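**Student:** Provide a 3D model corresponding to the input given below.
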Amino acid sequence: TLTLPWPDRALSSNARVHWRAKAKATAKARATAFYTAKAAKVQPDPAATLIISAYPPDARRRDVQNFPALCKAAIDGIADAMGVDDNGFRVRFPEAFAEPRKGGAMVIEIGVA
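**Tutor:** All right, here's what the predicted structure looks like:
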């Protein structure tokens, strides 16, 4: 189980930010996921199942259908840490957001195929 920070709003598919700002947010999210997965000693599994839970930083209304776009960089970072291509991952995104947590969090449970 990996606990990552709440994704930067620049990663949203609805965000209208400069490409450099989005690239910086993407690189940071990918690196954070990479180092978190490495620290957790995640084993390589090209067919892993990722179950994602979303704990927003506050109770504002959010669009859960936009959440997969926010997760893309983190999923790529996990794949990098495993040394595999993420095209075989089975990802289960949340149907609804969980209760808010201070600062927000994205919790990813990694299961074997």
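**Student:** could you give me the average pLDDT of the lengthiest helix in the chain?
**Tutor:** Longest helix in the chain by number of residues (criterion: DSSP state H): helix 19-39. In this model, helix 19-39 has a mean pLDDT of 94.
**Student:** ok now that helix, how far from the chain's centre?
**Tutor:** 10 Å (C-alpha atoms, centre = their mean, to the nearest Å).
**Student:** got the contact list for that helix?
**Tutor:** 2-5, 7-8, 10-11, 15, 73-78, 80-82 (C-beta atoms under 8 Å, 6 or more residues apart in numbering). Quick note: C-beta positions are derived from backbone N, CA and C, even for glycine.
**Student:** one more pass at 10 Å, please.
**Tutor:** Here helix 19-39 makes contact (C-beta atoms under 10 Å, 6 or more residues apart in numbering) with 2-5, 7-12, 15-18, 42, 70-82, 106, 108, 110.
**Student:** among those, name the buried ones.
**Tutor:** Those of these that meet the buried threshold are 2, 4-5, 7-8, 10-12, 42, 70-82, 106, 108, 110, by 16 or more other C-beta atoms under 10 Å.
**Student:** what about the helices in the chain?
**Tutor:** 19-39, 67-82.
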